[in-house]
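Asker: coordinates only, no sequence provided:
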DNA sequence: CTGAGTTTTCAAAAAATACTGAAAAATAAT
DNA sequence: ATTATTTTTCAGTATTTTTTGAAAACTCAG
């Protein structure tokens, strides 16, 4: 396998992986491309490399910047914007977890709080409230756990789960 | 808010949450419905409740069973199959993590292994291999960490991340 | 200020994904 | 064996998501 092939394969797979992680295929491919490119790339470079439209590059680059996975890097003497990827995998994971917690877990917890206000003394309602209560408790714990996870450093987490448990 | 409304809202939100977790909207709604239903339900009950076709119920129920999120429960004297949801949230999370690790992380690691065989002595190739190597190392660690995570019990994980860290 | 280069926007088109409905297969009761 | 019920399958349809391409809006050098 040569470089071109390997690079191609990586971009492809990273795209697939990303698409299961709330990052769409193209977004993840752009991220992959920037990951394996030593030099920052312009929107135009990316468009040519992946064979997609400028509009598409633009939208996805901006989304990637929102996620904190890609940075703008200005090259002196160049008018275009250049971009580079966050290459520290631990930071990448933290970015994704932070975003998804905010966009998914937190809204769910808000809904669970609302729902647990349901009125009614009948058995069915009580049953319902019990189930919701349990889910709420678990979710809140997970929420705090994730906050802590994100504060902790890569080594600690990996070491702990890597070895310590039986 | 009354029971009907609350139940509706829960199913709706759980559906949205699930759709970000590799579980499609309807699949997650079925799971939600079964979660808040004290009695096991038949495919027909589910179809009526969510206003979707039998075919849809059937496909999604089977997917849910593959994921390990729903069990078949036969009622004596009844010809139909009945279904109930896994209600232990810790188990639910474990199911999902296990499946996604298998379907996403493991294939990625295989690709990374292939790719790191790329031949070439030039600087560019060496750079590429270095990046891939780092990602591979991180992924393998994550893989083991997830295995351990899944072996550990809910209390341990939540307690550890809940408090212990600074 | 002008205009070439660059980025942004967004309606319409294309692609991917999910759903239906009807028919076929399986299962079980008579 | 026949019939009634339930489950499964899948081609066609509908919905959702992503992408394009062309126009508008910027930006900055001259």
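Answerer: Okay, I see it. Keep in mind that this is a model prediction, so the values were computed, not measured.

Asker: how about the residues of chain A by DNA strand C?
Answerer: Contact residues, chain A versus DNA strand C (CB under 7 Å from any atom of the strand): A:19, A:42-44, A:54-55, A:58-59, A:61-62, A:79-81. In this view, the C-beta of every residue, glycine as well, is placed from N, C-alpha and C.

Asker: ok, of these, which one's closest to residue B:125?
Answerer: Distance to residue B:125 across these (CB to CB) is lowest for residue A:42, with 23.2 Å.

Asker: contacts for stretch A:17-28, please.
Answerer: By CB atoms under 8 Å, 6 or more residues apart in numbering or on different chains, the surrounding residues in contact with stretch A:17-28 are A:14-16, A:29, A:31-32, A:50, A:52, A:56, A:60, A:63-64, A:67, A:69, A:96, A:99-100, A:103, B:20, B:22, B:100, B:103-104, B:108.

Asker: re earlier: farthest pair in the residues of chain A next to DNA strand C?
Answerer: Applying CB to CB across those, the maximum distance is between A:19 and A:79, 33.1 Å.

Asker: for the host helix or strand of residue A:125, name the packing helices and strands.
Answerer: Using DSSP states H and E, residue A:125 sits in helix A:123-151. In this structure, helix A:123-151 packs against helix A:89-100, helix A:106-115, helix B:3-19, helix B:89-100, helix B:154-159, with contacts taken as 3 or more CB pairs under 8 Å, 6 or more residues apart in numbering or on different chains; DSSP states H and E.

Asker: and the ones you listed: which comes nearest DNA strand D?
Answerer: helix B:3-19 (6.8 Å; CB to the nearest atom of the strand).

Asker: near chain B, anything from stretch A:95-111?
Answerer: Yes: judged by CB under 8 Å from any CB of the partner chain, stretch A:95-111 comes into contact with chain B through A:100, A:103-104, A:107-108, A:111.

Asker: quick one: pLDDT of residue A:165?
Answerer: Looking at residue A:165, its pLDDT reads 55.

Asker: what mean pLDDT does stretch A:66-86 have?
Answerer: Taken as a whole, stretch A:66-86 carries a mean pLDDT of 95.

Asker: ok, and does that stretch reach over to chain B?
Answerer: No: legend: contact between stretch A:66-86 and chain B by CB under 8 Å from any CB is lacking; minimum distance shown is 9.8 Å.

Asker: got a PyMOL select line for the buried ones in the contacts of stretch A:17-28?
Answerer: Selection command for PyMOL covering only the buried members of these, criterion 16 or more other CB atoms under 10 Å in any protein chain shown:
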select buried, (chain A and resi 14+15+16+29+31+32+50+60+63+64+67+69+96+99+100) or (chain B and resi 22+100+104+108)
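
Asker: from the contacts of stretch A:17-28, list the ones also adjacent to DNA strand D.
Answerer: A:52, A:56, A:60.

Asker: tell me which of those fall in helices.
Answerer: A:56, A:60 (DSSP state H).

Asker: for chain B, state which of the ones next to DNA strand D among the contacts of stretch A:17-28 is nearest.
Answerer: The closest of these to chain B turns out to be residue A:60 (CB to the nearest CB; 18.0 Å).

Asker: per-domain residue ranges of chain A.
Answerer: A:3-85, A:89-164 (automatic domain parsing).

Asker: from those, which stretch is densest packed?
Answerer: domain A:3-85 (a mean of 17; mean count of other CB atoms under 10 Å in any protein chain shown).

Asker: and that domain, how far out from the chain's middle?
Answerer: Domain A:3-85 sits 15 Å away from the centroid of its parent chain (CA atoms, centre = their mean, to the nearest Å).

Asker: what's the answer for stretch A:119-139, then?
Answerer: Worked out by CA atoms, centre = their mean, stretch A:119-139 lies 32 Å from the chain centre.
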